[in-house]
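Visitor: output the structure for:
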Amino acid sequence: MSTVIRWCVCAGAVASAVVSLAAEPITVGAIFAVTGPAANLGLPEKRSAELQVERVNAAGGVLGRPVRLIVKDSGSSPEKAVSFCKQLIEEDGVLAIIGPSTSGETMLIKPVCEQEGVPLISCAAAEVIVNPLARHVFKTPQKDSQAATLILRTLKKRGLTRIGVASDNTGFGQAGKKQLADLAAAEGIAIAASETYDQAATDLSDILAKLRAQNIQAVVNWSVVPAQSILPRNMRMLGMKEPLFQSHGFGSLRYVEQAGEAAEEIVFPCGHLLVAAELPADHPQKAILMAYKTAYEERFKEEANSFGGYAWDALAIVLEGVRKSGGSDRAKVRDAIEGLQGFAGVTGVFNYSPADHGGLSLEAFEMLTVKNGAFTVYRPPAAATP
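Guide: So this is what the prediction gives:
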């Protein structure tokens, strides 16, 4: 485990070491959707990254140098993300960039970072971010193909083999839709209908009506925008009894709060952070999960969520690259990041390689559900009798 992470998430008192003001800072750029439709992602990301910088610097920095984080709020706009990316590189001379919050933003700045040779550690989940491989681009969320696989297998275990798919028109939504379509048949699932909605939609009743007309047994929704809270409310309003499965973009209690009672029994794959207390003591992430959760919640008085964890890991990975490379040379830091093995973070245990810039396995996921307004580990009932 990284010594940076070990110290940063320490639940005890902050160390008294002081970073020398004369030391040249390690400057990292961050692009988060702090406002706009994806603010439920970007705000905890910003808070997590800034909290980590504060703690790292209080402990003496990295290699005796302070860490400087320059955060840009994209407002969930891909166009702004591109502008900020260029500004961070050309004007601020950042070592690396963490973020953006969404897949659409990431895909637009990916070629910029690649061309400029700047390591990018994305906090977005779409698999196309790292597949096909780009030399300087990595990500911290789990793969959407892994999320799709777990959803489909859980459906099969329940005997739900005819589904309707709803997805938003963002990069994340469309990437997930494609993964479900590509993987469904091999997992024994038939997609009877698939509908796309605008990310700004406020009523999805028409989409749901089209799905229900195809005699589906369950609904799978793939999005990160507020509509994923609207959809369960619309299902309840229409009297739909079909189980609702969501993507790993549902991993925030804010979405549960926005959906209200309609969120009950939603099933989705997510990292272990949301059920950290339920994990066995010997789980490889148990200590870091509980420490991060405690540190975040004590500071911000709200539940820690997976999105903040993505940013925490992204920054920790950059700083570990600095430590292992012995400095802030972009090329050497990139090489060090690509060589990280067994690096335990909030999201999972990362094993990057020249062939894998995602670094996580299926073990980074847990199937969760909503019970009494809270997240808990999902225990599927027996499959329905034919």
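
Visitor: doesn't residue 332 make contact with residue 322?
Guide: No. Using Cβ atoms under 8 Å, residue 322 and residue 332 do not qualify as a contacting pair, with a distance of 9.1 Å. Quick note: C-beta positions are derived from backbone N, CA and C, even for glycine.

Visitor: between these two, who's got more neighbours?
Guide: The residue with more neighbours, out of residue 322 and residue 332, is residue 322; 25 against 15, by other Cβ atoms under 10 Å.

Visitor: quick check: phi and psi on that one?
Guide: Main-chain torsions, residue 322, degrees, to the nearest 10: phi -60, psi -50.

Visitor: do residue 41 as well
Guide: When quoted as degrees, to the nearest 10, the phi and psi of residue 41 stand at phi -90, psi -50.

Visitor: hang on, it packs against residue 103?
Guide: No. Between residue 41 and residue 103 no contact is recorded; they are 10.8 Å apart, counting by Cβ under 8 Å.

Visitor: who's more crowded, those two?
Guide: Remark: of residue 41 and residue 103, residue 41 carries more neighbours, 32 against 29, as counted by other Cβ under 10 Å.

Visitor: give the contact list for the spatially closest residue to residue 300 that is not a sequence neighbour.
Guide: Distances taken as Cβ to Cβ, 6 or more residues apart in numbering put residue 47 closest to residue 300, at 5.7 Å, once the chain neighbours are dropped. Contact partners of residue 47, counting by Cβ atoms under 8 Å, 6 or more residues apart in numbering, are 296, 299-300, 308.

Visitor: burial count for residue 238?
Guide: Other residues within reach of residue 238 by the criterion other Cβ under 10 Å amount to 13.

Visitor: related to what we said a few turns ago, let me know the pLDDT of the residue nearest to residue 300.
Guide: The pLDDT attached to residue 47 in the predicted structure is 98.

Visitor: ranges for the helices of this protein?
Guide: In chain order, the chain shows helices spanning 3-8, 39-58, 78-90, 103-116, 144-157, 171-183, 205-212, 227-237, 253-259, 286-300, 306-325, 330-338, with DSSP state H as the criterion.

Visitor: any chance of these in JSON lines with distance to residue 266 as columns?
Guide: Supplementary listing: the helices of the chain in JSON lines, determined by distance: least, Cβ to Cβ, whole Å:
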{"stretch": "helix 3-8", "distance to residue 266": "31"}
{"stretch": "helix 39-58", "distance to residue 266": "16"}
{"stretch": "helix 78-90", "distance to residue 266": "28"}
{"stretch": "helix 103-116", "distance to residue 266": "21"}
{"stretch": "helix 144-157", "distance to residue 266": "12"}
{"stretch": "helix 171-183", "distance to residue 266": "16"}
{"stretch": "helix 205-212", "distance to residue 266": "14"}
{"stretch": "helix 227-237", "distance to residue 266": "6"}
{"stretch": "helix 253-259", "distance to residue 266": "8"}
{"stretch": "helix 286-300", "distance to residue 266": "21"}
{"stretch": "helix 306-325", "distance to residue 266": "15"}
{"stretch": "helix 330-338", "distance to residue 266": "35"}
